[in-house]
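Student: Show me how the following folds:
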Amino acid sequence: MSQPFDLSSTYVHLGRGATAEPLGDFRWDDEYLERYTAAHAADGDDGRLVMIGDVSSTWTSWERHPAGEEVVVVLSGRVTLVQEVDGEERRAEMSPGQAIVNPVGVWHTCDVHEPGQALYITPGAGTEHRPRT
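Tutor: Numbering: from 1, shown residues only. I've put the predicted structure just below:
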């Protein structure tokens, strides 16, 4: 039988065939990310990373996910998610329990008004970042 775990420290990889693999050793460093990418390469664009992350300060960069749509659910705090669509910024104020979908390839960033946490279901393959100006 599986044991409960904290999704803010043990992330989950969702893969092809409806698999769910807890990643208790996940780290945001180049070495780990290269190993993670190689280990799940067969999932292609179907792979997703599920995690709870702190939303403690306004982001200093934009990101986009060319492999698929990302779901973001605010669990606590208050934020404005900003999406850049056709050269225009679209802003969505979000409170606990509210969700949004970042469409494929849409640049997005986040303004934090009250720190909290969010649940992310992210297609990580090919994710890009650029500085926020």
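Student: Quickly find the element holding residue 83.
Tutor: Element membership for residue 83, per DSSP states H and E: strand 70-85.
Student: Sheet-wise, list the partners of the following helix or strand past that strand with their directions.
Tutor: Using DSSP H and E, the helix or strand that follows strand 70-85 in sequence is strand 88-94. With DSSP bridges as the test, strand 88-94 is paired with strand 70-85 (antiparallel).
Student: How far off centre is the strand it pairs with?
Tutor: 10 Å (Cα atoms, centre = their mean, to the nearest Å).
Student: which residues sit against that strand?
Tutor: By Cβ atoms under 8 Å, 6 or more residues apart in numbering, the surrounding residues in contact with strand 70-85 are 52, 55, 62, 89-103, 106-123. The C-beta positions use only the backbone N, C-alpha and C, and glycine is treated the same way.
Student: now the strands: where do they sit in this protein?
Tutor: 11-15, 19-23, 48-55, 61-64, 70-85, 88-94, 99-102, 107-122, 128-131 (DSSP state E).
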